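Engineer: I'd like to go over a predicted model; first the sequence, then the structure.
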Amino acid sequence: MNDLVRLTAREAVAALAKGDTTPLDLIDAALERISETDGAVNALPTLAPERAKAHAAKLMEKSPPADPPRGYLYGLPLAVKDLKDVAGVRSTKGSPIFADYVPERSDLMVENLEAKGGIVLAKSNTPEFGAGANTFNEVFGKTRNPWDTRMTCGGSSGGAAVSLATGQVWLATGSDTGGSLRIPSSFCSVVGL
């Protein structure tokens, strides 16, 4: 296992800010970890490595802001729940209706994260339209609990929680109306806000 995936999100951002690592290093470490673990858990069924590397290259060409806004991510790779659009990346919402949908524009949240130095590397699995406390759908199948793959990871942000618990990414987005962050975070032993 690449030691970079053992860093917390804060440690990874600090290493990026100091120049101790690069966004490309973190992308490679995350892709390696995803390759090692995702077959068993199915947390990140949609990857966007070319898009992520192109975004990283643009970030690395320019200096970070002299006075970065609070929470600036300096090129940290992350996963976005498959309910939110990412320009040029398959966005299924867990539904066969959108199985082949590729949006031209990103959701405002994604645009904001990227403007603050985040890099979208993957889309995390979700139940169809985020409805349900278990993460499974007809497009990508079931996401499994990383601690016991016979068990559920909860939902609807199950792919996000599992991607964090397995060290695939340092941050992942989710959403919560009726426990969609709280259930997976408690089932997977991660923090959901």
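Structural biologist: Happy to help now that I have it.

Engineer: Strands of the chain, residue ranges please.
Structural biologist: In the chain, the strands defined using DSSP state E lie at 46-47, 76-81, 118-124, 136-137, 141-142, 171-172.

Engineer: quick one: which of these is nearest A12?
Structural biologist: Across the strands of the chain, A12 has its closest neighbour in strand 76-81 (5.8 Å, Cβ to Cβ). All C-beta spots, glycine's among them, are computed from the backbone N, C-alpha and C.

Engineer: residue boundaries of the helices in this protein?
Structural biologist: When assigned using DSSP state H, the helices of the chain occupy the ranges 9-18, 23-41, 49-61, 108-115, 158-165, 182-188.

Engineer: what does the fifth one contact?
Structural biologist: If I follow you right, that is helix 158-165. Helix 158-165 is contacted from outside by 41-45, 79, 81-82, 122, 124-127, 134-135, 143-147, 152-154, 169-174, 181, 184-185, 187-190, 192, using Cβ atoms under 8 Å, 6 or more residues apart in numbering.

Engineer: Please name the nearest non-neighbouring residue to the most centrally placed residue in the chain.
Structural biologist: The residue lying closest to the centre of the chain (Cα atoms, centre = their mean) is A79, at 1.2 Å. Of all residues not flanking A79 in the chain, A172 sits nearest, at 4.1 Å (Cβ to Cβ, 6 or more residues apart in numbering).

Engineer: need the contact list for the one you found.
Structural biologist: Going by Cβ under 8 Å, 6+ apart, A172 touches 78-81, 124, 157, 159-161, 163-164.

Engineer: picking up where we left off before, filter the contacts of helix 158-165 down to the buried ones and hand me the ChimeraX line.
Structural biologist: Selecting only the buried entries of the contacts of helix 158-165 in ChimeraX, with 16 or more other Cβ atoms under 10 Å as the criterion:
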select :41,42,43,44,45,79,81,82,122,124,125,126,127,134,135,143,144,145,146,152,153,154,169,170,171,172,173,174,181,184,185,187,188,190,192
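
Engineer: residues contacting the closest residue to L59 other than its chain neighbours?
Structural biologist: The spatial neighbour of L59 that comes closest, neighbours along the chain excluded (Cβ to Cβ, 6+ apart), is G75 at 4.8 Å. Contacts for G75 (Cβ under 8 Å, 6+ apart) come out as 16, 22-23, 26, 56, 59-60, 117, 119.

Engineer: If you rank the contacts of A172 by neighbours, which is first?
Structural biologist: Within the contacts of A172, A160 tops the neighbour count with 37 neighbours, counted by other Cβ atoms under 10 Å.

Engineer: Which pLDDT value goes with the closest residue to L24 other than its chain neighbours?
Structural biologist: Nearest non-adjacent residue to L24, counting by Cβ to Cβ, 6+ apart: A56, 5.2 Å away. We have a pLDDT of 98 for A56.
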